[in-house]
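Chemist: any chance you can model this:
(2 chains)
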Amino acid sequence: EAQVTQNPRYLITVTGKKLTVTCSQNMNHEYMSWYRQDPGLGLRQIYYSMNVEVTDKGDVPEGYKVSRKEKRNFPLILESPSPNQTSLYFCASSLSINKISYEQYFGPGTRLTVT
Amino acid sequence: QKEVEQNSGPLSVPEGAIASLNCTYSDRVSQSFFWYRQYSGKSPELIMSIYSNGDKEDGRFTAQLNKASQYVSLLIRDSQPSDSATYLCAVNAGGSYIPTFGRGTSLIVHP
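Modeler: Numbers count the residues shown, from 1 in each chain, chains lettered A, B, ... in the order given. Sure thing, here's the model as predicted:
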């Protein structure tokens, strides 16, 4: 089954404790992206990757890191989480043609709470 | 700044009616347009994509694109309570590799 998976689905952590949210897709998509979603603010892009070893900042990259060492995986790293990073996080992937991303497929989401 | 605007709603329609959701965008060179449905606490799910002017129909859903007026709309015929969700519009602006999302319109279909 074609899908995007994320782990963990729920996470409660404390300020400053490094964490990683994994994302994996099995559709051989070039493009992957991370979003956060907060009430009233919609989906905001954190980082995206057009292909292996190619990543770029989205609209709200501060406090986050990513890596793309393999085509299927795109982990999101919070080196020192803070309470304002409490949010619902989505990973997405899509086919890209001439570098343009088209229909996106989203993972199930990770609800992160930082206390 | 490329913008995608949607009325946040909620848009409330009775069961069986046509729900009309609208989205406007600022970049005249936009090329690809998408509608996603998102149930509360769940991930967005693609329901329609449209690339050229006119209408595109898929079951009870019709996407309408008017590039001259810079809007794209989604019509849901015979609305059902299960259609109650937030609908997100996404637009690939010209020259941009990545889509820009609107903040979504909340749709409530009441029995």
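Chemist: spatially central, which residue of chain A would that be?
Modeler: A:W34 (2.7 Å; CA atoms, centre = their mean).
Chemist: so who does that one touch?
Modeler: A:23, A:45-48, A:58, A:64, A:66, A:74, A:76, A:89-92 (CB atoms under 8 Å, 6 or more residues apart in numbering or on different chains). Any C-beta I mention is one placed from the backbone N, CA and C, and that applies to glycine too.
Chemist: what subset of these is also close to chain B?
Modeler: Checking these against chain B by CB under 8 Å from any CB of the partner chain, the ones in range are A:Q45, A:Y48, A:G58, A:F90.
Chemist: now rank the residues you listed by neighbours and give me the top one.
Modeler: Comparing these on neighbour count, A:F90 comes out first with 26 neighbours (neighbours: other CB atoms under 10 Å in any protein chain shown).
Chemist: flag every buried residue along stretch A:15-31.
Modeler: Taking 16 or more other CB atoms under 10 Å in any protein chain shown as the basis for neighbour counts, the residues of stretch A:15-31 that come out buried are A:L19, A:V21, A:C23, A:S24, A:Q25, A:H29, A:E30, A:Y31.
Chemist: repeat for stretch A:4-12
Modeler: For stretch A:4-12, the neighbour count (16+ other CB under 10 Å) marks A:V4, A:Q6, A:L11 as buried.
Chemist: and if you look at stretch B:6-23?
Modeler: Using 16+ other CB under 10 Å as the burial criterion, the residues of stretch B:6-23 that qualify are B:Q6, B:L11, B:V13, B:A19, B:L21, B:N22, B:C23.
Chemist: I'd assumed B:G102 was in contact with the first one.
Modeler: What that stands for is B:Q6. Yes: B:Q6 is in contact with B:G102 according to CB atoms under 8 Å; the separation is 3.9 Å.
Chemist: direction included, what does the helix or strand bottoming out on mean pLDDT in chain B pair against?
Modeler: Taking mean pLDDT, DSSP states H and E as the measure, chain B has strand B:100-101 as its least confident helix or strand, at a mean of 90. Here strand B:100-101 has these sheet partners by DSSP bridges: strand B:85-92 (antiparallel).
Chemist: gap between the strand it pairs with and the chain center?
Modeler: With CA atoms, centre = their mean, to the nearest Å as the basis, strand B:85-92 stands 5 Å off its chain's centre.
Chemist: ditto for stretch A:71-84
Modeler: Offset of stretch A:71-84 from its chain centre (CA atoms, centre = their mean): 7 Å.
Chemist: sorry, back to before: how about residues contacting the least confident helix or strand of chain B?
Modeler: So strand B:100-101 is contacted by A:G42, A:L43, B:K2, B:E3, B:V4, B:Y25, B:L88, B:C89, B:A90, B:V91, B:N92, B:A93 (CB under 8 Å, 6+ apart).
Chemist: next SSE downstream of that strand?
Modeler: strand B:105-110 (DSSP states H and E).
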